[in-house]
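A.B. asks: Take this sequence and fold it.
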Amino acid sequence: MPTRRRNAPFLPLDDTLFAVKQRKTVPHAFVLEAIAARLPETRTMFGCLAVYVEDKIVLILRDKRDATPDNGVWLATTEEHHESLRREFPNMRSIQAFGNKVTGWQVLPADAPDFEEAALRACELIAAGDPRIGKVPGARRAAGSGAQKAAKSPRRRRPSAPRKAARGRDEQRPDGRVVPLSDGAPDIPEQTMPTSIDFNTIDKAIKSIPRIIGSWMRRAIASNLRG
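C.D. replies: Model (predicted):
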């Protein structure tokens with residue numbers, strides 16, 4: 001007889017056990033929307049969001065609770081472009097987390113009064129392919145330079161020894177014929193083949209061999225008897 005299953009008492013469950021882990025919000029998402037035509041790719045980096053366009057990293061989006069002065073949009077640029085970019089972005093500055101020195105990367109601070117306007121202007125420059133914004137990461141740059149060197153330096157083949165050009169000359173043979181020869185070619189005498197073969201003569205010679213041998217043997221025996 002099957003045992004009767006006892007009903008387990010219903011216990012209220014904490015909703016937090018079933019809470020779905022929410023995906024982190026994209027910091028300054030309007031930036032990605034502004035450059036969507038360039039098909040950007042994103043990767044998490046140091047708790048921030050790195051933005052790539054083709055083979056270049058162009059931006060880092062940061063919105064963290066600590067070190068808030070560096071929150072905003074980081075521009076991937078170099079020191080040689082700072083002066084011209086500062087005319088576009090008056091509030092652009094170096095990143096404080098990297099120390100007091102001037103950094104190649106620059107930040108458009110989120111607490112600046114013109115932050116959104118400056119960030120959208122940076123997106124316009126990126127969409128236009130402005131060379132002042134964007135860097136090829138070190139690993140990709142090294143791989144690309146290696147491929148370029150291999151393409152520019154194909155394996156060279158050893159040049160073959162130049163052939164000596166043949167200089168024609170003629171030679172007159174004893175029979176009066178003139179035969180062309182080349183320098184360096186061995187002088188091989190021309191072999192002439194008989195025009196016809198006298199088989200009768202050959203047959204007579206073969207048949208005379210026993211007679212010659214018999215005559216020779218009789219002379220040898222007679223010589224031994226005389227001695």
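A.B. asks: quick one: pLDDT of residue 108?
C.D. replies: At residue 108, the pLDDT value in this model is 97.
A.B. asks: all helices for this structure, in order.
C.D. replies: Applying DSSP state H to the chain gives helices spanning 29-34, 82-88, 115-127, 138-152, 199-226.
A.B. asks: and those helices as JSON lines, adding mean neighbour count?
C.D. replies: C-beta here means a position set from N, CA and C on the backbone, and glycine is covered the same way. As requested, those are exported to JSON lines (neighbours: other Cβ atoms under 10 Å):
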{"stretch": "helix 29-34", "mean neighbour count": "15"}
{"stretch": "helix 82-88", "mean neighbour count": "13"}
{"stretch": "helix 115-127", "mean neighbour count": "18"}
{"stretch": "helix 138-152", "mean neighbour count": "10"}
{"stretch": "helix 199-226", "mean neighbour count": "9"}
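A.B. asks: In TSV: those helices, plus distance to residue 107 and mean pLDDT.
C.D. replies: Shown next, in TSV, are these (distance: least, Cβ to Cβ, whole Å; pLDDT from 0 to 100):
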stretch	distance to residue 107	mean pLDDT
helix 29-34	13	96
helix 82-88	12	96
helix 115-127	10	97
helix 138-152	21	57
helix 199-226	112	73
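A.B. asks: of all the ones you listed, which lies closest to residue 58?
C.D. replies: Among the helices of the chain, helix 115-127 comes nearest to residue 58, with 5.2 Å by Cβ to Cβ.
A.B. asks: which helices and strands does the closest one pack with?
C.D. replies: helix 29-34, strand 56-62, strand 72-75, helix 82-88, strand 106-109 (3 or more Cβ pairs under 8 Å, 6 or more residues apart in numbering; DSSP states H and E).
A.B. asks: Recalculate using a threshold of 10 Å.
C.D. replies: helix 29-34, strand 48-53, strand 56-62, strand 72-75, helix 82-88, strand 106-109 (3 or more Cβ pairs under 10 Å, 6 or more residues apart in numbering; DSSP states H and E).
A.B. asks: Can you name every helix or strand that the second one contacts?
C.D. replies: Yep, that's strand 48-53 we're talking about. Going by 3+ Cβ pairs under 10 Å, 6+ apart, strand 48-53 lies up against helix 29-34, strand 41-45, strand 56-62, strand 72-75, helix 115-127.
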